[in-house]
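Peer 1: Generate a structure from the sequence data that follows.
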Amino acid sequence: MNARRIRVLIAKPGLDGHDRGAKVVVRALIDAGFEVIYTGLRQAPAAVAQVALEEDVDVIGLSSMAGSHVPYCQRLKELLIEKGLDDKLWIIGGSIPAPDQEALKELGLDGIFPAGSRLEEIVDFINEKCT
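Peer 2: Coordinates of the predicted model:
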């Protein structure tokens, strides 16, 4: 009997055009056995919430290098609540300054992986929280 694989959405918020790190994370998650949906660049909060709903994901992951992650996550949180997705594991990685990490935790992000985080940390975190 096959268990359902953990489904992870990885999205690039807003005008952020830097996707190398996101693609590395996507590859690591696939190699770890997760099913990954990668939205690509420049995703609006409404689009991320809609894809998360349609794809029935377990994890909503953002990769942010552009610095707009706090207001973006504020809006995304509203949409996740609206769509009944606020019980999903919600993570972010990238260029996340220390002061922003606290603000993101207050918004309800479950995991924050600043630049330099090990891929194994992300994989282990998702496995721990989703199994």
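
Peer 1: The host helix or strand of Ala52 - contacts with which helices or strands?
Peer 2: With elements taken from DSSP states H and E, the one containing Ala52 is helix 45-55. Using 3 or more C-beta pairs under 8 Å, 6 or more residues apart in numbering; DSSP states H and E as the contact test, the elements touching helix 45-55 are strand 7-11, strand 59-64, helix 69-82. In short, each C-beta sits where N, CA and C put it, glycine included.

Peer 1: show me the contacts for the most centrally placed residue in the chain.
Peer 2: Centroid-nearest residue in the chain: Gly61, 0.7 Å away (criterion: C-alpha atoms, centre = their mean). Applying C-beta atoms under 8 Å, 6 or more residues apart in numbering, we find Gly61 in contact with Val8, Leu9, Ile10, Ala11, Val25, Trp90, Ile91, Ile92, Gly93.

Peer 1: Could you rerun that using 6 Å?
Peer 2: For Gly61, the contacting residues are Val8, Ile10, Ile91, by C-beta atoms under 6 Å, 6 or more residues apart in numbering.
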